[in-house]
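Chemist: structure, please.
(one chain, ligands or ions: 2)
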Amino acid sequence: MAFWGDYHTHTIYSHGHGTIEENVQRAVEIGLKEVAITDHGFRHMMYNVRHMDWKYMHADTQKVREKYPQIKIYLGLETNLSSRFGKADILPSDMDNLDLVICGYHKFVMPDRPSDMAKFFLPNFLFGSSETKSSAKLIKRNTDAYIKALEKYDIDIVSHINHAIKADAVEVARACKHYGTYVELNGKRVSMKDSDLEKMAQEGIIFICNSDAHSSNRVGDFSVPMAVIERLGIPFEQIANWEKLPKFRSRKKKGLYKD
Ligand SMILES: [Zn+2]
Ligand SMILES: [Zn+2]
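Modeler: Ligands and ions are numbered 1, 2, ... in the order given. Here you go, the predicted structure:
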């Protein structure tokens, strides 16, 4: 019984310590069938992938694919939610170059427009880490931002919902189900409330477990989400990468699955 893939890992191209090859090597060592390299999106102020590096990441990935044919390697991005209107920091034209698209909220991201600093990033910076400090209005705005992003882009995975931001996680998860996007149970922390996760489990939301590794030795570390799954009794059939391979929304759209 095992997870078959890890779809959220970072490298030296953004905030990680390992190279693409080191992450892949580790994934091979522990017997994963698939692994994704998903560094931070372009508008993160500190840990972004630089546009100019993208071609090197592609070239590196290609070399590593040739060296390790036994594992499928996705080169994607963990894009940033960059506005309260659901903008992410990718262009529609970027989609063709991405094998996989994660979207998540992060602090220190260049706002899409100046008013997003005042109405989105600043209040979430101040209140987003507390369970109780975000106003109902802010929670509604954040929820709408996630839902609009899901509507706008073929997002495959929403990462760490409610980490450093508070939204109505159940509403976001319902939108994920509607569009065929996976809700991540993140390997560093699960910030959604137990009661919300239980509701999601009952409603048939499909989750995906990822390490969010920032160093190669953490690739495939699913201990945090596994503890949540066991504690809450989330059915394994609702875990997209447990004993099976996920089918990602953006790849379905591109016609990459035969059945
Ligand atoms: Zn993240
Ligand atoms: Zn991450």
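Chemist: assign the residue of the stretch 51-200 of the chain found nearest ligand 2 to helix, strand or coil.
Modeler: Per C-beta to the ion, the residue of the stretch 51-200 of the chain with the smallest distance to ligand 2 is residue 78, at 4.7 Å. C-beta: built from backbone N, CA, C; applies to glycine. Here residue 78 is recorded as strand under DSSP: H, G, I helix; E, B strand; the rest coil.
Chemist: what about it, how many neighbours?
Modeler: Close neighbours of residue 78, defined as other C-beta atoms under 10 Å, add up to 29.
Chemist: residue contacts, it?
Modeler: Contact analysis of residue 78 by C-beta atoms under 8 Å, 6 or more residues apart in numbering lists 8, 10, 38-41, 102-104, 159.
Chemist: go again using 6 Å as the cut-off
Modeler: By C-beta atoms under 6 Å, 6 or more residues apart in numbering, the contact list for residue 78 reads 38, 40, 102, 104.
Chemist: the helix or strand where the third one lies near ligand 1 at all?
Modeler: Going back to what we said before, that points to residue 102. Taking DSSP states H and E as the definition, residue 102 sits inside strand 101-104. Yes: between strand 101-104 and ligand 1, judged by C-beta under 5 Å from the ion, the touching residues are residue 104.
Chemist: tell me which strands and helices that strand is in contact with?
Modeler: strand 72-80 (3 or more C-beta pairs under 6 Å, 6 or more residues apart in numbering; DSSP states H and E).
Chemist: repeat that with 10 Å
Modeler: Packing contacts for strand 101-104, counted by 3 or more C-beta pairs under 10 Å, 6 or more residues apart in numbering; DSSP states H and E, involve strand 34-40, strand 72-80, helix 136-152, strand 157-158, strand 182-186, helix 249-253.
Chemist: residue of the stretch 151-259 of the chain nearest ligand 2, please.
Modeler: For the stretch 151-259 of the chain, C-beta to the ion, closest residue to ligand 2: residue 212, 4.4 Å.
Chemist: test my guess that that residue contacts residue 106.
Modeler: No: the criterion here is C-beta atoms under 10 Å, and residue 212 misses it with residue 106 at 11.7 Å.
Chemist: out of the contacts of residue 78, who's the most crowded?
Modeler: residue 38 (31 neighbours).
Chemist: touching, that residue and residue 80? I think so.
Modeler: No: with contact defined as C-beta under 10 Å, residue 38 does not reach residue 80; the gap is 12.0 Å.
Chemist: now do the shared contacts for the two.
Modeler: Residues touching both residue 38 and residue 80 (C-beta atoms under 10 Å, 6 or more residues apart in numbering): 102, 104.
Chemist: what residue ranges in this structure score low on pLDDT?
Modeler: Regions of the chain meeting the criterion pLDDT under 70 cover residues 1.
Chemist: who's residue 37 bridged to?
Modeler: residue 75 (DSSP bridges).
Chemist: contacting residues for it?
Modeler: Residue 37 touches 7-11, 13-14, 16, 18-20, 23-24, 57, 60-61, 64, 73-78, 99-100, counting by C-beta under 10 Å, 6+ apart.
Chemist: in strands, which of the residues you listed fall?
Modeler: Using DSSP state E, the members of these that fall in strands are 73-78.
Chemist: skipping its backbone neighbours, what lies nearest the residue in the chain that ligand 1 sits nearest to in space?
Modeler: Nearest to ligand 1 in the chain, going by C-beta to the ion, is residue 104, at a distance of 4.4 Å. Distances taken as C-beta to C-beta, 6 or more residues apart in numbering place residue 159 nearest to residue 104, at 3.5 Å, with adjacent residues excluded.
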